[in-house]
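Undergrad: Have a look at this prediction, sequence included:
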Amino acid sequence: MCVAIAVALVVPALAGAARETLLPGVTYERSVVLKGGRPVVLHVVRTRPQSGLYRVRPVLSHGTVLGRQALPGMQARIGKRATTVGVNGDFFTLRTGESSGLYLRGGVVSSPPAVNRSALAVGADGLLAVDVFRLVGSWRAGTSGARPLRKVNRKISTPPGVALFTPAWGGLTPRTKGAVEVVLTGFPPARIDADLTGTVTAVTRGGRTPIPRGGAVLQARGETGTTLLAAATVGATVTIRLRFAAFPEGALDAIGGGPALVRNGAPLRQPGENFTFDQLSRRHPRTAVGQRANGSYLFVVADGRSRRSAGLTTWGLAQTMADLGAVTAMAFDGGGSSTISFNGGVLNAPSDGRPRPVANGLFLFYYGIYAPPLERGVLSPNGDGVGESKKLSARVVRRAAVRLRLRRPDGSEAWGLEDVVGRGLISRVVSNPGMPDGTWRWIAEATDEATGETSRMVRTFKVNRTLGHLRLSRAPVRVRSPVAGRLGISVRVTRPARLEVAVLGADGKVRRTVFAGDVVPGTKRWRWNARTSSGRVAPPGTYTVRVTARNELGAISLRRPVRVLLAPSR
């Protein structure tokens, strides 16, 4: 046995599961419901309320406004800092990845609100607020009066107006005919409700101006360009102020989307927002996030555009969120963008056939200990080379006092570790012929140094030596119709069990049941005459011999492939 510390991401295979525990207090459920007489596959993640170990936050693709990234890629990028589950976010331009609405992270603005579309704000207390927010911005040079600022990291499409471009936009300002620009250095991150001051170091025209790190660029069009050039000369100081009308006090995170779906527990049939008939009233894959009365969150995706799942209208999505207990809810981008992902593993069936790269997402960040699901299969350390070992692991993303325990079926402790770990994966490989049969428990606990909160996860596995040492007498088996070949099959049984010996085709279906019945301990032998259940000679191809034993310990199976070849004629 050994203990190793490393950093790794583990992606569980959860798709199709009825219900899974993803994290402590966080569950995933897949269900099929009927809406309008047609089936809809729903993927629902229920979480705990916000705490020191759980926080809902938006994530920007690649960390910039321009560009797109699929959710698994976003989760891999932040995987060392948190274990996450989340959904795709705002609508966006396919060509550039520029989102349609608001993006605010840690109080820093990367994108302004969309006109007459809702955005979702996350309060310091974790409460969600869904409303149509409006940017109220201003700029002034030196001691002059304040003038309106229309956009942040958004091109002025209809002049006049002034826009602020920050490093969050990307490397260069957009090419804009007739635009004038002033470059600011010493400019802080674009926080709301604060005076942001920088010094003018250059004046340019037409766009494509490099945005300095620790700086920004003001771009103006129309008559405001003349005003900007006159006031913001090289060496002048420029001060910018940003805030959002109707924005909840103390909220530092927000993401655009829309429309609003549920308000005060009631679904909204006519949200009155700036969306097309197709976006609202046709059935599509859909994404939504909501909050229940106890403060816990709902992340929901409805598959669509397939025979298995017809998708939902916006009204159907609103009803679904209310039925799930949401008192507040908002939709995000749907269609091929609709994706729900955990720790880099996609849970739903995106209509594009794979997760679409999107502009941003909304994730639940979990900072406690995470014990990845154990590899499938029974641990059977009996020396036959199958199921001899199992890897147990637990991951922490920030400094914590960790306690790991491996408990035997009788509850006694087989192994334990207590240590303070900064970040990484603690793993242990177990393989011991003396391990007693039965259900073992892997218990991972951690007390977070930052919050003092304790997290705990438990994974179980079984040790079962009932079946072992599956052997085949010859391979491949050669047949020559009408004469079939013969294959000897032997296996060792250590406990009374109900045994089934079957030969499976390449499609996994049973072609012949060689034996089914109760057996006592000992070495058991059978012969397969290379014929199917109908009595015909098995066609040439690859088959699998599967032996399954069932008793009070559960089920255990062994498999070995065998090829059937056509013998040459004499």
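TA: Noted; the coordinates are in hand. This one's a predicted model, so the numbers in the text were calculated from it and none came from an experiment.
Undergrad: Just to be sure, Ala224 is in a helix?
TA: For residue 224 the amino acid is Thr, not Ala. Yes - secondary structure assignment (DSSP: H, G, I helix; E, B strand; the rest coil) places Thr224 inside a helix.
Undergrad: and the gap between it and Ala163?
TA: Using C-beta to C-beta, to the nearest Å, Thr224 is found at 10 Å from Ala163. (C-beta placed from N, C-alpha, C; glycine too.)
Undergrad: Give me the more crowded residue out of the two.
TA: Shown here are Thr224 and Ala163; by other C-beta atoms under 10 Å, Ala163 has more neighbours (27 against 23).
Undergrad: How about the contacts made by the more buried one?
TA: Contact analysis of Ala163 by C-beta atoms under 8 Å, 6 or more residues apart in numbering lists Leu149, Arg150, Lys151, Val152, Asn153, Arg154, Lys155, Ile156, Leu218, Gln219, Ala220.
Undergrad: Which parts of the stretch 51-200 of the chain are helices?
TA: All helices of the stretch 51-200 of the chain, identified by DSSP state H, counting those that start in this stretch, fall at 71-77.
Undergrad: how about the strands in it?
TA: 54-60, 83-88, 103-105, 108-111, 119-122, 128-131, 134-141, 147-149, 151-152, 161-165, 180-185, 195-205 (DSSP state E, counting those that start in this stretch).
Undergrad: among the ones you listed, which is nearest Gly316?
TA: strand 83-88 (17.3 Å; C-beta to C-beta).
Undergrad: next one: the closest one to chain centre, how far?
TA: Centre-to-centre, strand 83-88 and its host chain are 4 Å apart (C-alpha atoms, centre = their mean, to the nearest Å).
Undergrad: ok, and what's touching it?
TA: Under C-beta under 8 Å, 6+ apart, the answer for strand 83-88 is 22-23, 26, 28, 45, 47, 59, 71, 75, 78, 287-289, 299-301, 332-333, 337-343, 356, 358, 360-367, 370, 395, 397.
Undergrad: Extract the C-alpha set from the longest strand along the chain and format it as PDB.
TA: Using DSSP state E, we find that the single longest strand of the chain is strand 554-566. Taking C-alpha atoms only, strand 554-566 is exported to PDB below (Å, rounded to 0.1, in the frame of the first residue of the first chain):
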ATOM      1  CA  GLY A 554     -24.000  -9.300  -4.100                       C
ATOM      2  CA  ALA A 555     -23.000 -10.000  -7.600                       C
ATOM      3  CA  ILE A 556     -19.500 -10.500  -9.200                       C
ATOM      4  CA  SER A 557     -18.700 -11.100 -12.800                       C
ATOM      5  CA  LEU A 558     -15.700 -12.300 -14.700                       C
ATOM      6  CA  ARG A 559     -15.300 -12.000 -18.500                       C
ATOM      7  CA  ARG A 560     -12.900 -13.300 -21.100                       C
ATOM      8  CA  PRO A 561     -13.000 -12.700 -24.900                       C
ATOM      9  CA  VAL A 562     -12.800 -15.600 -27.300                       C
ATOM     10  CA  ARG A 563     -12.600 -15.600 -31.100                       C
ATOM     11  CA  VAL A 564     -14.500 -18.100 -33.200                       C
ATOM     12  CA  LEU A 565     -12.800 -18.700 -36.600                       C
ATOM     13  CA  LEU A 566     -13.900 -20.800 -39.600                       C
END
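Undergrad: so what strands line up beside it?
TA: Using DSSP bridges, strand 554-566 pairs in its sheet with strand 477-479 (parallel), strand 541-551 (antiparallel).
Undergrad: No further queries at this time; thank you.
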